[in-house]
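1. Sequence first, then the predicted structure, then my questions.
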Amino acid sequence: MNNKISLLAILALGVIISCSDETTIYHDDLQDNVVIETSESKLEGSISFTKAGVLEILEEETITNKSSVNKAEELAGDYPLTLVAQVDPPLFQGSDILTATHVHVDGNYAYVSYNTPGAQYAGAVQVINIGNPNSPKVTSQLIYLNADLNAIQYDNGYVYAVGGVDAEKSVRATSNSFIAKIASSNGKLNISGGISYGFQLGFNANAVLVDGSSVMVTSGKDGTVTSYNKADLSIENEASFSDLRSLAVDNGTIALLDASTGIRILNSNFQPIKEIPISTDFGPASKKTIDFDGDKIIVAEADKGAGVYSYATGSLLEYIPILVDPAGVAESDINTNAVAINNDVILMANGGAGLCLSEKGANNTDVYGIIVLDGSTNFVESKDDYIFAASGKEGLQIIKLNRPSESLAARCATLPFYQGSSKLLVNTGDNVAYQGAKRFNNINNSGSLLLCGSWTVTHHVFINNNALFEMNGSLTVGRNNRRRNITVDNGATFRVEGNLNIYGDLVLEDGATIEFIGTGSVVNIFGSVVKNGSVTVAGTFEDVRNKF
């Protein structure tokens, strides 16, 4: 049976309701209202820099009392992460019920899905241009007023979103679980040619994966894994399972997470190959991810953390535990929902317990710490130098890892790696130079300092009289809701090659010099450039916010 449904006939009826000159609501075959937002001002208003800037990390050694608080404060921390921006959930008629559930990154765009907790159905798709990391923009937005969207993937001109609808209230829906195929080009959703739908058994579709010419979907309790033809959403293959939560594919091998039994491995024809039993209580109707990592399979296992299994033997290799903020989190909110892998870093979306960062070791995983973010982390995706966290009502959070570039590492290969205090103090007459990537509390320089790599500073940077501070790479100071400054005193020189981000002011005292080397430097200042007298600004640079 071909379960494809087109909106063409209904859309020909025209607009049903208009909320503004640019917000249009269509009535589709599911008897849902589909809201497409084209108001540029409303889309731009979704981006928030309020909390942008240097991120703190609650390190595992401090939380578990393996080291003293004083020691943790004295040493500069690894992973100088910064929050680039937050993207607020879509709003319609004052509603703030939508929560971010999933994000897929493809090229210069991030595609985010939203649903509504509880019995009510409502969801959304949001497209964000992340081509310029200093200035993300929401380019398109679509809201379903009575359909949840739980997962999303973009592929070759179309967004594939899956979720749930109340089939008893729909004339066309043959089951609660559905997939929607929405045209999208250059970051713009386009429903003028209709939205195509497919349906399958199950309470709520929770995962989608495009594999070649097929789209595979899992659909929860008493549901199926279903393969649709990507061209027309006709069903190619289908297999029933008790309680599917997610799927992953590796070279034609399909891994399913069945909450009733564990990991099920299928071939491309949905024939069973093996099973890996898991006794974890995954909780009711909650998405949990599964993924391949070389010869291992990693499973988000609710309150147990992340389970790492050998694909060859099926044996449990380790559990990566959930690290809990000592300030207190409700036990019911401590829940690993998703895991993302980026080279040697493993990220765990732990619900109310936040976003945990761990490091791959030779034989096991070392938990490093909790990235301090607001909201409940439901899903995490990481590509290149970025982390994208779907954080419930906080929407999408865009985080930069600030890894040093390979070319930078090559130029600075002879410098020692910084291993010292988080309060970097350079005295008059000292000449020091380091490479690396660290988090500082503050920098106070009265001598000659070269930092080559990626660095963040929670508080202020002082370049005192006649001092020299050279940076090659990236430096971020402060946070937008807790602004801090860089102050360059009389006779001092601040030499910049790379990316400089200041969530506060750049204060240039009389006789100060700031010099930009090369042609590729970028300066992103959220406060002001304060010139207290005669100062020198030399070199070529991009002034992101026109503060000079």
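-> Right, received. Where do you want to start?
2. any idea which helix or strand carries residue 239?
-> strand 235-240 (DSSP states H and E).
3. And for that strand, what's in contact with it?
-> Strand 235-240 has contacts (C-beta atoms under 8 Å, 6 or more residues apart in numbering) with 1-3, 198, 200-201, 214, 222-229, 266, 269-270. Every residue, glycine included, has its C-beta placed from N, CA and C.
4. Now restrict those residues to buried residues only.
-> 3, 198, 200-201, 214, 223-228, 266, 270 (16 or more other C-beta atoms under 10 Å).
5. What count of nearby residues applies to residue 142?
-> 24 (other C-beta atoms under 10 Å).
6. again, but for residue 260
-> Around residue 260 there are 11 residues (other C-beta under 10 Å).
7. Wait, it touches residue 245, no?
-> No - contact criterion C-beta atoms under 8 Å: residue 260 and residue 245 do not qualify, at 10.0 Å.
8. Quickly list what's touching both of the two.
-> With C-beta under 8 Å, 6+ apart as the test, residue 260 and residue 245 reach no residue in common.
9. that older thread, of the buried ones among the contacts of strand 235-240, just say which sits nearest to residue 51.
-> residue 223 (37.9 Å; C-beta to C-beta).
10. Chain neighbours aside, what residue packs nearest to the closest one?
-> Closest residue in space to residue 223, ignoring its immediate chain neighbours: residue 202 at 2.3 Å, by C-beta to C-beta, 6 or more residues apart in numbering.
11. can you pull the contacts of that neighbour?
-> Here residue 202 is in contact with 175-177, 218-224, 244 (criterion: C-beta under 8 Å, 6+ apart).
12. quick one: secondary structure of it?
-> Here residue 202 is coil, with the state taken from DSSP: H, G, I helix; E, B strand; the rest coil.
13. lowest-pLDDT helix or strand in this protein?
-> helix 8-11 (a mean of 27; mean pLDDT, DSSP states H and E).
14. okay, and for the chain, where does confidence drop off?
-> 1-33, 66-73, 92-95, 326 (pLDDT under 70).
15. As a check, name the ranges of all helices in it.
-> 8-11, 40-44, 60-63, 69-74, 406-411 (DSSP state H).
16. hmm, which of the contacts of residue 202 are the buried ones?
-> 175-177, 218-221, 223-224, 244.
17. What residues of stretch 320-329 count as buried?
-> Buried residues in stretch 320-329 (16+ other C-beta under 10 Å): 320-324, 329.
18. Widest-spaced pair of the residues you listed?
-> Among the buried residues of stretch 320-329, 320 and 329 lie farthest apart (C-beta to C-beta), at 17.4 Å.
19. From the chain's centre, how far out is stretch 86-105? Work that out for me.
-> Relative to its chain's centre, stretch 86-105 lies at 14 Å (C-alpha atoms, centre = their mean, to the nearest Å).
20. no no, stretch 511-519
-> 34 Å.
21. now the end-to-end length of stretch 320-338.
-> 12 Å (C-alpha to C-alpha, to the nearest Å).
22. Run through who's touching that stretch.
-> For stretch 320-338, contacts defined as C-beta under 8 Å, 6+ apart pick out 58, 60, 63, 283, 286-289, 300-306, 308, 346, 348-354, 356, 358, 365, 367, 369-370, 376-380.
23. Just the buried ones out of these, please.
-> When those are checked against 16+ other C-beta under 10 Å, the ones flagged as buried are 58, 60, 63, 286-289, 300-306, 308, 346, 348-354, 356, 358, 365, 367, 369-370, 376-380.
24. So which of the residues you listed sit within strands?
-> 58, 300, 306, 308, 346, 348-351, 356, 358, 365, 367, 369-370, 379-380 (DSSP state E).
25. residues near residue 134, how many?
-> Residue 134: 17 neighbours (other C-beta under 10 Å).
26. which residue packs closest to residue 430, ignoring adjacent ones?
-> Excluding the flanking residues, the one nearest residue 430 by C-beta to C-beta, 6+ apart is residue 447, at 3.8 Å.
27. Skipping adjacent residues, who's closest to residue 211 in space?
-> Using C-beta to C-beta, 6+ apart, the closest residue to residue 211 is residue 249 (5.2 Å).
28. That neighbour - how many residues pack around it?
-> 18.
29. can you check the one 3 residues further on too?
-> Residue neighbour count, defined by other C-beta under 10 Å, stands at 11 for residue 252.
30. Ok, residue 147 next?
-> For residue 147, using other C-beta under 10 Å, the count is 27.
31. didn't it look like it was pressed against residue 124?
-> No - counting by C-beta under 8 Å, residue 147 does not reach residue 124; the two are 9.6 Å apart.
32. And the spatially most central residue of the chain, how far from residue 189?
-> Centrality entry for the chain: nearest residue to the mean C-alpha point is residue 388, 0.8 Å, by C-alpha atoms, centre = their mean. Distance, residue 388 to residue 189, using C-beta to C-beta, to the nearest Å: 19 Å.
33. With residue 435 instead?
-> Taking C-beta to C-beta, one finds residue 435 at 44 Å from residue 189.
34. Ok, residue 343 next?
-> 32 Å.
35. Who has more neighbours out of these two?
-> Set residue 343 next to residue 189 and count neighbours by other C-beta under 10 Å: residue 189 wins out with 22 against 10.
36. what's the burial count for the residue nearest to the more buried one when sequence neighbours are not counted?
-> In space, and not counting its chain neighbours, residue 189 is closest to residue 140: 4.3 Å by C-beta to C-beta, 6+ apart. Residue 140: 24 surrounding residues under other C-beta under 10 Å.
37. Tell me who's in contact with residue 140.
-> Residue 140 touches 37, 43, 125-127, 184, 187-189, counting by C-beta under 8 Å, 6+ apart.
38. beta partners for it?
-> In this structure, residue 140 bridges to residue 127 when assessed by DSSP bridges.
39. And it, how far from residue 162?
-> For residue 140, the distance to residue 162 - C-beta to C-beta - is 19 Å.
40. now the end-to-end length of stretch 342-362.
-> Span of stretch 342-362 from end to end, C-alpha to C-alpha: 16 Å.
41. rewinding a little: out of the buried ones among the contacts of residue 202, the closest to residue 110 would be?
-> Nearest to residue 110 among these, with distances taken as C-beta to C-beta, is residue 218, at 22.4 Å.
42. Enumerate every residue touching that closest one.
-> Residue 218 sits next to 202, 205-207, 224-225, 244-247, 256 when contact means C-beta under 8 Å, 6+ apart.
43. coming back round to it: please indicate which of the contacts of residue 140 are buried?
-> Judged by 16+ other C-beta under 10 Å, buried ones among those: 37, 43, 125-127, 184, 187, 189.
44. Tabulate the residues you listed in CSV, adding columns for distance to residue 153.
-> Shown next, in CSV, are the buried ones among the contacts of residue 140 (distance: C-beta to C-beta, whole Å):
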residue, distance to residue 153
37, 21
43, 22
125, 11
126, 14
127, 13
184, 11
187, 15
189, 14
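45. Could you give the bridge partners of the closest residue to residue 400 other than its chain neighbours?
-> Once flanking residues are discounted, residue 400 sits nearest to residue 82: 4.9 Å by C-beta to C-beta, 6+ apart. Residue 82 forms beta bridges with residue 54, residue 400, as assigned by DSSP bridges.
46. Pull up the gap between the residue found closest to residue 516 once you drop the neighbours it is linked to in the chain and residue 217, please.
-> Spatially, and ignoring its direct neighbours in sequence, residue 516 is nearest to residue 539 (3.1 Å; C-beta to C-beta, 6+ apart). With distances taken as C-beta to C-beta, residue 539 is found 53 Å from residue 217.
47. ok, now which ones touch the nearest residue to residue 55 once chain neighbours are set aside?
-> Nearest residue to residue 55, sequence neighbours excluded (C-beta to C-beta, 6+ apart): residue 81, at 4.4 Å. By C-beta under 8 Å, 6+ apart, the contact set of residue 81 is 54-55, 57, 371, 387, 399-402, 439, 456.
48. Good, we can wrap up now.
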